[in-house]
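K.L.:
Got a predicted structure here, sequence first:
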Amino acid sequence: MRKFRKVLDGLTTSSPASTLGSPSCGSGAGTPTAAPTPKEIDVQETLQSENFQLCKTVRHGFPNQPTALAFDPVQKLLAIGSRSGGVRILGRPGVDCYCQHDSGAAVLQLQFLINEGALVTACADDTLHLWNLRQRRPAILHSLKFNRERITFCHLPFQSKWLYVGTERGNTHIVNIESFILSGYVIMWNKAIELATKTHPGPVVHLSDSPKDEGKLLIGFESGTIVQWDLRGKKADFRIYYDEAIHSASWHHEGKQFMCSHSDGSLTLWNLRNTTKPFQVTFPHGKIQKDGRKESCKPILKVEYKTTRNSEPFVIFSGGLSYDKAGRRPTLTIMHGKAITVLEMDYPIVEFMALCETPYINEVQEPYAVVVLLEKDLIVVDLTQNSFPIFENPYPMDIHESPVTCTAYFADCPPDIIPILYSIGAKHKKTGYSHKEWPISGGTWTLGSHTYPEIIITGHADGTIKFWDASAITLQMLYKMKTSKVFEKPKPGEGRAAELVEEDPFAVQMVSWCPQSRMFCVVGISAHIILYHFSKYEANTQIESLEVRLQCESEDVISPSENENDPCFSESGSHSPQAHHQQSVSPVSGTTEGNKHSIPCLKVKDRMVRVPPGYQAELVIQLQGIDGEPPQQITSLDINSAYGLLAFGNCNGLAVVDYLQKTVLLCMSTLDLYGAADPYQRLTRSPRRHRQSTSEFCMRGLSNFYSDSKKRIRTSYQSLTELSDNQQSFDMERSKSPTSVHYPTSLHNDPRILPEPVASLRASHCSPVFYLLDNVKGPGRKLSLPTDLKTDLDHVNGHCTSPTSQPCSAGKPRAQMGAEGPRLTRRGPGRPPFRKAQSAACMEISLPVSHTEGYASRRAMLQQLHGVTMYSHDEHHTGAPYCWSEKAAESRENSFSRSRSSSVSSIDRDTKEAVTTLQFGESYGRKSDALTTPCLWVGTSLGIALVIPMSIPTDQEERMEEPVTFGPSGAVLMLKGSVLHLSFLDCSGTLIQSPYEVWRDINAAEDPDRPRKRKLVHFSPSSSQETYADGHLAVVCSEKQAKVFLMPSQSCLFVHNITESSFVLRADVVSVCNSVCLACFCANGHVMTLSLPSLRPLMDVNYLPLTDMRIARTFCFTNGGQALYLSSPTEIQRITYSQEMCDNLQDMLGELFIPIETPEVQNRGFLKGFFGGNATTFDREELFGEASAGKASRSLAQHIPGQAGMEGMKVAAGGVVGELARARIALDERGQRLGELEERTALMMTSAESFSKHAHELMLKCKDKKWYQF
């Protein structure tokens, strides 16, 4: 096999037929030179399939769409149910457990078995579930499905095993918690009410047993009927008929009074001595009007009546406000004696619950806090202080404070970064919280042994960036900053710029972070990039800004004769720093009329600003619009602190910025990057003889910044594309097809164009959001599209979900369609070109749209959400004016070497090739290179990975003065689908990290004796003589396949087709178990890992189908076998694909249940007991058991045993393993103790025998003696 591989490598590197378009290896730029044949690459791969297992670890954030709330007053645990069937159980910080019902039905109600380690959930599918909380991952023990009635309310008395269940029909059933079997005892609605009543009382809305007598059950019906049912006598003690509907009821602890809340905003207090009318009726928020009538109020949805020993009772309720004040926020009212406190909430109240000291309902309650569950927040109010402050929430419940738009995950960070971020972030925390400890303190959690520093970064729609400490499967806020502070506040009605500003102009699109150098880069939705450096000191600074016009069309470049007198290109201004800081550095320049509307949407602050410690803005880069249109979105980004460079690209091209010198080094289209190495053999569009090439224009603009190096830079840039612009440009007009359609001059008045589907699939800080245009023009023409520009339309759940489809502005007019063309409307010129920035939490992820050519995208995304008809090149529209030839059905691999007609070439020339991924690193730019040099690897949407070598001055002073130059592209590698990820390995299979600069605080006081210098760390594959001979490996992953290339020979060593029916959304090279692998997440929900460098499949799990764009936009891998995604608009789900972490997960999770003794009943005193104050107990087992009540009808409810699925088995197995280990230890200890006990017993027996012997001897000795002889 080794010899065979050597032969293949030799053929790859030396065969004349191995040209650029070779589908076999997909490598090489031009005819190879006499490069040395690569030696055998023998990497010992240690990863096996046994090292991988996929499972969920923990879920962070606020439960999405909460519906129910419960609290265990003894265990101090809080449970929250959600509409999607999830249950979150919270205790002390670190104790956070998520459970999910398989049915996905909404949770209606939760009931703790207080101090029993169990929880009952009632779901919307009329099923009751019993959860076991005595294991770290709770599991369902029993389920009971009601078939004929719908569940509306449940009540479980303290220390009782009988659950009362009210239904929509008004009946009350009783369930045995231990066996989860329905009792034969039923309280029918027609027996509960009087026979004379002709109307149905409605569903049961309340059930509670009397504090005075457990044999009395209070039943509340929705219509306003209240019945106290005698369980022993099976009859009603009293019935109350009230005019207003009842929402809730609450007992006084003595059992002599109870309070009800009603739909008219009133509270009624009833005394059991006289139930004919309410003892008291109050409208807490209802005022008496001038005519003497009470103003109408909203319903009071819930009331709680709690007593205290030393003060007046608390009456706490939600709702009840008057209707006259529109727009008032939801409120929680606390009535304590005559004082009424109204607490306004930011979101509607879902549920609230008073926390009391005792679990017994017949004792003084002594409430100390109120838990308020809102739609998007959880608040706990301190009742022990008069101002009712709230507790500081220790859980990460504010992830969704502004909608999350992107995520990034970094594991194994430098250990010093978390403490310093926390110390700076702690200075900006809010104050005014209660000084008492968080009352929800149940469970135990300890820091596991398998922990390392982890940081999660979230970007938000309002421009906020949040750093989270994610170590040890917890989540805690570290640091927060606002990118909007860099810009001036947009003023309303401020001309064209105001029209371009959308509702969320600062929304974060992607982030890039270097933990070692602490450089941080943010890409915003307004096509802007902000570069931050970290400092522990505050400073006064002025933010530098650059404007880049990344629109590279050769026809728009003016000739040299037209710009000779242009002051923008004169050398006199090239030495002024302000000139190039503010001017538009671009390969495109037009007249004043053409540029007058090219104003950035946001204005950077141009004055000195005082910045606090932390991340401080250093540079802002803004893309300019073209002809008044907004710029295209930035699709890729990479920053390298060692080089001092920042690269970014979009569907128009690539730009490289030197952030040390604050200049633009490179700004050109993707096509110009190839030079003569274009694998598609496209012809440049330069029909005019005297018009210069785009690359020459870039070079010329750059030369103005460095006039002393103009000649050298010009030569470098001309060599980049000299072969593309020599002969072909002069023969362009002759090579055009006679049937090719020319473009008109305007688009604004043409409504008959194809739609502009906009859907972003940003997965993380480096994953692509890119789009490919396949332009089709001419009414009624059949065009043969080459398959290398054509990809399949992948459907997921009926939606088109490829991440590589977005219309890109070509900056060119297009011809009008014929009358038979489809009429599809687009937004008018007066409408703002940006949609509202949607968060990644939304189903529809929208990116800015411009007045561009509305071509059919390569894959149209979510056409039903956008409400437009979308066309794909993969769909054969036989009756439509746009039809594809059957020749397009050939494979893409074979089409690379296929000859093309002139009509096809006209399409190729108009195709936009987006830059989808970028990576700086030490590599070989050409096959003939003997040493590594700094390079920029560029991946595109056409499946091309090309290498651009760079020349960077090594001396620090020269680096700040001399320019960075770029060489011609020497390596072009080809894959199927858009390139997603680039990484490098040495020949031993070790991941080569990008070089970086060691962090230094630029605001710290400088020592004159020891001037600060840049300290760079390089990870070059040529650091030793042995590795130098081998070169290094380049791992390139696209939507469809992964390839491993050997550099500098550019030979393809391994290739693996990842998927045929779907496409990869996210790919990363990560470290697992002291080795590396390629992790991929596909649109069909599969999570895969491939070994490196052999690309051998290690794991393929159908984990999560792509149900919405949120998952695809936020899914990201990291080292240590971990990943995360936004599972809902408010929650982050973390998963692991490492077997080692799955094995240790049980030890990392917190314990929910702790054995605690139940509090004893308070001694109420002799007098209260004598006069009937004590509660009466009765035997429920005797009353509800099968012996006395009989069996319930089998058709009424169906018993379902505990989980039998794989997930339940895994959970149970994990729990059993831990329990067995603990049981084994306990048995060993018990055996040791039994041995010690046996020894002690033997000693005691010997001692007893000796004592008995001596006693017998003494008895015999004294037997015959008289009393006076002693």
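P.N.:
Good, I have the coordinates. Residues are numbered from 1 along each chain as shown.

K.L.:
Just the buried residues of stretch 985-996, please?
P.N.:
Neighbour-count burial for stretch 985-996, counted by 16 or more other CB atoms under 10 Å, picks out 985, 986, 987, 989, 990, 991, 992, 994, 995, 996. In this view, the C-beta of every residue, glycine as well, is placed from N, C-alpha and C.

K.L.:
ok, of those, which one's closest to residue 393?
P.N.:
Relative to residue 393, the closest of the buried residues of stretch 985-996 is residue 996; by CB to CB it sits at 36.5 Å.

K.L.:
need the contact list for that closest one.
P.N.:
514, 516, 517, 640, 641, 642, 1016, 1017 (CB atoms under 8 Å, 6 or more residues apart in numbering).

K.L.:
Residue 913 reaches residue 939, doesn't it?
P.N.:
No - taking contacts as CB atoms under 8 Å, residue 913 lies outside contact range of residue 939: 10.6 Å.

K.L.:
Which of the buried residues of stretch 985-996 fall in helices?
P.N.:
Among the buried residues of stretch 985-996, none falls in helices (DSSP state H).

K.L.:
Among these, which lie within strands?
P.N.:
Among the buried residues of stretch 985-996, the members falling in strands (DSSP state E) are 985, 986, 996.

K.L.:
before we move on, back to that, for residue 203, state which of the buried residues of stretch 985-996 is nearest.
P.N.:
Checking the buried residues of stretch 985-996 against residue 203 with CB to CB, the nearest one is residue 991 at 61.8 Å.

K.L.:
now the closest residue to the closest one other than its chain neighbours: how far from residue 414?
P.N.:
Nearest non-adjacent residue to residue 991, counting by CB to CB, 6 or more residues apart in numbering: residue 1076, 4.8 Å away. Noted for residue 1076: a distance of 20 Å to residue 414, by CB to CB, to the nearest Å.

K.L.:
More neighbours: those two, which one.
P.N.:
Shown here are residue 1076 and residue 414; by other CB atoms under 10 Å, residue 1076 has more neighbours (23 against 14).

K.L.:
so what's that one up against?
P.N.:
With CB under 8 Å, 6+ apart, residue 1076 has these contacts: 985, 989, 990, 991, 1069, 1070, 1092.

K.L.:
so what's it bridging to?
P.N.:
Bridge pairing for residue 1076 (DSSP bridges) gives the partners residue 1071.

K.L.:
Model confidence for it, exactly?
P.N.:
Note for residue 1076: predicted pLDDT of 95.

K.L.:
With residue 69 as the reference, measure out to it.
P.N.:
According to CB to CB, residue 1076 stands 46 Å off from residue 69.

K.L.:
do the same with residue 1077
P.N.:
For residue 1077, the distance to residue 69 equals 43 Å [CB to CB].

K.L.:
Those two: which is more packed in?
P.N.:
For the pair residue 1077 and residue 69, the greater number of neighbours falls to residue 1077 (27 against 19), based on other CB under 10 Å.

K.L.:
And the chain, what are its domain boundaries?
P.N.:
Per the record, the chain has its domains at 250-398, 405-426+451-488+503-550+600-631, 1214-1249, by the TED database.

K.L.:
Give the burial count for residue 1234, as a bare number.
P.N.:
Residue 1234 has 10 neighbours, counted by other CB under 10 Å.

K.L.:
and it, what does it touch?
P.N.:
For residue 1234, the contact set (CB under 8 Å, 6+ apart) is empty.

K.L.:
From residue 645, how far out is it?
P.N.:
72 Å.

K.L.:
swap in residue 82?
P.N.:
In terms of CB to CB, residue 82 sits 46 Å off from residue 645.

K.L.:
residue ranges of the strands in the stretch 901-1050 of the chain, please?
P.N.:
Along the stretch 901-1050 of the chain, counting by DSSP state E, counting those that start in this stretch, strands occupy 915-923, 933-940, 944-951, 965-966, 971-974, 979-986, 996-997, 1016-1017, 1032-1038, 1041-1047.

K.L.:
hang on, the earlier thing: I'd like to know which of the ones in strands among the buried residues of stretch 985-996 is nearest to residue 269.
P.N.:
Checking those one by one against residue 269 (CB to CB), the nearest turns out to be residue 996, at 70.4 Å.

K.L.:
then stretch 306-322 to PDB, C-alphas only?
P.N.:
Extracted as PDB, the C-alpha positions of stretch 306-322 are listed here (Å, rounded to 0.1, in the frame of the first residue of the first chain):
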ATOM      1  CA  LYS A 306     -50.500  33.800  53.300                       C
ATOM      2  CA  THR A 307     -50.400  34.500  57.100                       C
ATOM      3  CA  THR A 308     -47.600  35.600  59.300                       C
ATOM      4  CA  ARG A 309     -47.000  35.500  63.100                       C
ATOM      5  CA  ASN A 310     -46.000  39.100  63.800                       C
ATOM      6  CA  SER A 311     -47.900  41.100  61.200                       C
ATOM      7  CA  GLU A 312     -50.900  41.200  58.900                       C
ATOM      8  CA  PRO A 313     -51.400  38.500  56.300                       C
ATOM      9  CA  PHE A 314     -50.000  38.800  52.700                       C
ATOM     10  CA  VAL A 315     -52.500  38.900  49.800                       C
ATOM     11  CA  ILE A 316     -50.500  38.500  46.600                       C
ATOM     12  CA  PHE A 317     -52.200  38.500  43.200                       C
ATOM     13  CA  SER A 318     -51.600  39.100  39.500                       C
ATOM     14  CA  GLY A 319     -53.800  41.100  37.200                       C
ATOM     15  CA  GLY A 320     -56.800  43.100  38.300                       C
ATOM     16  CA  LEU A 321     -55.800  46.400  36.700                       C
ATOM     17  CA  SER A 322     -58.400  48.700  35.300                       C
END
